[in-house]
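A.B. asks: okay, predicted coordinates and the sequence, questions at the end:
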Amino acid sequence: RLDNIQQCIEQILEEEIEGDFIETGVWRGGGCIMMQGVLAAYGVVGRRVFVADSYKGLPESDPAKYPADTGDTHHQEEFLVVSKDEVARNFKKYGLLDDQVVFIEGWFEESLPKAAIEKLALLRLDGDMYSSSIQVLNCLYPKLVPGGYCIIDDYALKGCKKAVDDYRAQHGI
């Protein structure tokens, strides 16, 4: 997974594809740290790495609004709760916490529409659930520039797969 992030970023840089990078659902921050590390290795300072998470784990499912999440128990998984401070400390361990790293805190449906994101070259979606995945796609996929990459971490999970498939069908992708 980290190799994939690196390869995508190197291709973005080689082809001079404009835009920032984001991971939605960061857990301990490894993917975002890799994004920032590749930028640092290439001396790139004009791009931001958005680090978007609730920092409270996953939301409780709302089957009335998102029937595909019925029975989802991700919100009960304590190991998925990692604080923003812990993620920031992980960036610091590698000397990669600077002004290019932008934390976005909150549930995706509330935090992402308010985020100052204009163009994305790399969107890494790791939302596990239907609701989280469709919210990210609705808000951020339109900001993905031509030639940019959208990496779906959890496509093997039923809810995420359905969200991606629904989004693609709705938008003719």
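C.D. replies: Perfect, thanks for sending it.

A.B. asks: packing partners of the lengthiest strand in the chain?
C.D. replies: In the chain, with assignment by DSSP state E, the single longest strand is strand 144-152. Under the contact criterion of 3 or more Cβ pairs under 8 Å, 6 or more residues apart in numbering; DSSP states H and E, strand 144-152 touches helix 2-14, strand 120-125. For the C-beta atoms, the positions are set from N, CA and C on the backbone; glycine is no exception.

A.B. asks: now these as JSON lines including distance to A41?
C.D. replies: Output for the helices and strands packed on strand 144-152, formatted as JSON lines (distance: least, Cβ to Cβ, whole Å):
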{"stretch": "helix 2-14", "distance to A41": "9"}
{"stretch": "strand 120-125", "distance to A41": "15"}
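
A.B. asks: of those, which stretch is the most buried?
C.D. replies: Comparing those on average neighbours per residue, with mean count of other Cβ atoms under 10 Å, the densest one is strand 120-125 at a mean of 25.

A.B. asks: those strands in this protein, which residues are they?
C.D. replies: Ranges of strands within the chain are 20-24, 49-53, 101-105, 120-125, 144-152, based on DSSP E.

A.B. asks: relative to helix 2-14, how tilted is the last one?
C.D. replies: If I follow you right, that is strand 144-152. With axes from the mean of the first three to the mean of the last three Cα atoms, to 10 degrees defining the directions, strand 144-152 sits at 170 degrees from helix 2-14.
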